[in-house]
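Visitor: Need the 3D shape of this:
(one chain, ligands or ions: 1)
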Amino acid sequence: MEDSRIGLPIGTALDRFIKRFQDDFPYATGELSQLLRDIALAGKVVNREVNKAGLINLSGSIGSDNIQGEDQQKLDVLANIRFIRALTKGGEACAIVSEEDEKITDLHNNGKYIIAIDPLDGSSNIDVNVSIGTIFSIFRRLSPVGSPVTEDDVLQPGSSQVAAGYLLYGSSTILVYTTGNGVNGFTYDATLGEYFLSHQDMKIPDNGKIYSINEASTDDFTKPVNQYLDHCKKSNYTARYIGSLVADFHRNLLKGGIYIYPSSKRYPEGKLRLMYECNALAFVVEQAGGKASTGSSRVMDIVPKDVHQRCPLYIGSKSLVERAESFYD
Ligand code: P6P
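Guide: The predicted structure follows:
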């Protein structure tokens, strides 16, 4: 079926783009479109608060840990509230898995979709003005609409995602997402309160020379990881590691490169979360021609056993990920 979005010019408003995309699916009834709009709306609110954090005493920690045992930042909590509120009011999501909440939030409505979300990833960077992001993953529920949400509804492999993407609150705020028909980026114009198509049909360069990993943990890495790092150095790659997954991922998506958070003594399963970090970015990168692996298997093939389970992540340009995998063989 011809993609009716081809030829949509740079500068197309997100709303119009979503509507044109919906026309590609004659049976689409608009719920997914509305869900994407709800996420975009929450992103506008979070963007406003991220940009003013220092002025309205929203920086810093709330003095307690989240369920991940990580020092919870004020904006973590606020972003979580904003997204849950927008998704609840929108009515298209029947359940939410959030990094900030131990349990699944069943919205007890007739929504068709499950959302897994990291409301604000990299939030420890807020106080030092480094880019941070929201990561989201969308599944269709499996059980009958209106019935209680089941574990099977939620614990689906990444290959079942119907949409995924991220918001990056940086020098500009950009929404990048896929619904399985390529990847597009929309830059937010706060003066107009609208996102506009700025990155059309994004494809990750396969000849990237950037590697992103926290090399302070080298002694903690397994041999294949360190062999690959040696390869990168001998190949005159450039090391770029911001400590904010969405920022590192987005740069590598545009310029080519690989981001690695491997398993280690400290994080035997890796640090990053499968459902609302790895799967979402894996869907985006595969749609952009890249690859997302645990080092030995495809991230999106993993059937989750727990909503907060972690997984090692090698993600970026296909040839770089495959080269890293070769050290495991
Ligand atoms: P480390 C932020 O906490 C995060 O989840 C990612 O955004 C980032 O890439 C990674 O962890 C940084 O972890 O162990 O290198 O500080």
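
Visitor: all strands for the stretch 1-150 of the chain, in order.
Guide: Ranges of strands in the stretch 1-150 of the chain, per DSSP state E, counting those that start in this stretch, are 61-65, 71-73, 93-98, 105-106, 113-121, 132-140.

Visitor: tell me which strands and helices the shortest one is in contact with?
Guide: Contact here means 3 or more C-beta pairs under 8 Å, 6 or more residues apart in numbering; DSSP states H and E; on that basis strand 105-106 packs against strand 93-98. Heads up, the C-betas are built off the backbone N, CA and C, glycines and all.

Visitor: Now the strand it packs on: average pLDDT?
Guide: Averaged across strand 93-98, pLDDT comes to 96.

Visitor: partners of that strand, with directions?
Guide: Strand 93-98 has its sheet partners listed here by DSSP bridges as strand 105-106 (antiparallel), strand 113-121 (parallel).

Visitor: which residues does the residue nearest to Val46 when sequence neighbours are not counted contact?
Guide: If the residues on either side of it in the chain are set aside, Val46 comes closest to Ala79, at 4.9 Å by C-beta to C-beta, 6 or more residues apart in numbering. Taking C-beta atoms under 8 Å, 6 or more residues apart in numbering as the criterion, Ala79 is in contact with 46, 49, 119-120, 123, 134.

Visitor: Out of these, which is nearest to the ligand?
Guide: Nearest to the ligand among the contacts of Ala79 is Ser123, at 7.5 Å by C-beta to the nearest ligand atom.

Visitor: returning to what we had before: nearest to the ligand, of the strands of the stretch 1-150 of the chain?
Guide: Judged by C-beta to the nearest ligand atom, the one of these that comes nearest to the ligand is strand 113-121, at 4.7 Å.

Visitor: Which residues in the closest one does the neighbour count mark as buried?
Guide: Buried positions in strand 113-121, judged by neighbour count with 16 or more other C-beta atoms under 10 Å: 113-121.

Visitor: Could you list which of those residues also contact the ligand?
Guide: When the buried residues of strand 113-121 are checked against the ligand using C-beta under 6 Å from any ligand atom, the ones in range are Asp121.

Visitor: Kindly indicate which of the buried residues of strand 113-121 lies nearest Asp23.
Guide: Closest approach to Asp23 among the buried residues of strand 113-121 (C-beta to C-beta): Tyr113, at 19.7 Å.

Visitor: Bridging across strands, which residues link to the closest one?
Guide: Here Tyr113 shows beta-bridge partners Ala93, Arg140, assigned using DSSP bridges.

Visitor: mind listing the helices for this protein?
Guide: Remark: helices of the chain, listed N- to C-terminal, are 14-22, 31-52, 74-90, 151-154, 223-234, 245-255, 279-287, 318-326; assignment by DSSP state H.

Visitor: Show me the shaky parts of this protein.
Guide: Where the chain drops to pLDDT under 70, the residues are 1-6, 24-28, 53-59, 66-71.

Visitor: and with 80 instead?
Guide: In the predicted model, the chain carries pLDDT under 80 at residues 1-7, 21-29, 53-73, 329.

Visitor: Geometric centre of it: which residue is closest?
Guide: For the chain, the residue sitting closest to the mean C-alpha position, by C-alpha atoms, centre = their mean, is Ile135 at 3.1 Å.

Visitor: The ligand contacts on the stretch 201-329 of the chain?
Guide: The stretch 201-329 of the chain comes close to the ligand at residues 214, 243-245, 248, 271, as judged by C-beta under 6 Å from any ligand atom.

Visitor: how about those residues in a markdown table, adding distance to Cys278 and neighbour count?
Guide: As requested, these are arranged in a markdown table below (distance: C-beta to C-beta, whole Å; neighbours: other C-beta atoms under 10 Å):
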| residue | distance to Cys278 | neighbour count |
| --- | --- | --- |
| Asn214 | 16 | 15 |
| Gly243 | 17 | 13 |
| Ser244 | 15 | 22 |
| Leu245 | 9 | 25 |
| Asp248 | 14 | 26 |
| Lys271 | 10 | 20 |
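
Visitor: Dump those residues into TSV; add distance to Val183 as well.
Guide: Converted to TSV, those look like this (distance: C-beta to C-beta, whole Å):
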residue	distance to Val183
Asn214	26
Gly243	24
Ser244	20
Leu245	17
Asp248	17
Lys271	25
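
Visitor: Thought Asp121 was touching Gln73, still the case?
Guide: No: counting by C-beta atoms under 8 Å, Asp121 is not a contact partner of Gln73; they are 11.1 Å apart.

Visitor: can you pull the contacts of the residue of the stretch 1-150 of the chain found nearest the ligand?
Guide: Closest contact between the stretch 1-150 of the chain and the ligand, by C-beta to the nearest ligand atom, is at Gly122 (3.9 Å). If you count contacts by C-beta under 8 Å, 6+ apart, Gly122 has them with 130-133, 242-247.
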